[in-house]
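**Student:** A structural model of the following input is requested.
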Amino acid sequence: MTDREILRRLVAGESLARREMTALFGRLMDGELSEAAQAGILVALAAKGESVEEITGAAEAGARGVLGQRREGRA
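**Tutor:** Below is the predicted model:
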């Protein structure tokens, strides 16, 4: 799914599945999204209100990022 499709869904008030959110936030934390895409997606999430699935997915991405850095000796 493209960033534009994700943004369209969020603006329409749709929630992302946990797996979609984990992938999205993984890309966000890896610097793969433009600043404009980051801003649009985060504002759309805040405007519609995050679902439990979205919060869980974002937390999973964060945990994976931290654990991955520790395994690689970066933290």
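**Student:** got the residue ranges for the strands in this structure?
**Tutor:** With DSSP state E as the definition, the chain shows no strands.
**Student:** Pull the residues that contact the lengthiest helix in it.
**Tutor:** For the chain, the helix reaching the highest residue count under DSSP state H is reported as helix 52-71. With contacts defined as C-beta atoms under 8 Å, 6 or more residues apart in numbering, helix 52-71 is touched by 15-26, 28-30, 45, 50, 75. For the C-beta atoms, the positions are set from N, CA and C on the backbone; glycine is no exception.
**Student:** The residues you listed in helices, which ones?
**Tutor:** Using DSSP H, these in helices are 18-26, 28-29, 45.
**Student:** Identify the residues contacting stretch 38-45?
**Tutor:** When contacts are defined by C-beta under 8 Å, 6+ apart, stretch 38-45 is touched by residues 3, 6-7, 10-11, 24, 28, 33, 54.
**Student:** from the chain's centre, how far out does it sit?
**Tutor:** Relative to its parent chain, stretch 38-45 has a centroid offset of 9 Å by C-alpha atoms, centre = their mean, to the nearest Å.
**Student:** What of stretch 21-31?
**Tutor:** Relative to its parent chain, stretch 21-31 has a centroid offset of 5 Å by C-alpha atoms, centre = their mean.
**Student:** Show the average pLDDT along it.
**Tutor:** Summarised as a single mean, pLDDT over stretch 21-31 is 94.
**Student:** List of residues touching that stretch?
**Tutor:** With contact meaning C-beta under 8 Å, 6+ apart, stretch 21-31 is reached by 6, 16, 33, 38, 41, 53-54, 56-58, 60-62, 64-65.
**Student:** rewinding a little: just the buried ones out of the ones in helices among the contacts of helix 52-71, please.
**Tutor:** 18, 20-26, 28-29, 45 (16 or more other C-beta atoms under 10 Å).
**Student:** Show me the shaky parts of this protein.
**Tutor:** 67-75 (pLDDT under 70).
**Student:** Would you point out which residue is most central in it?
**Tutor:** residue 25 (2.7 Å; C-alpha atoms, centre = their mean).
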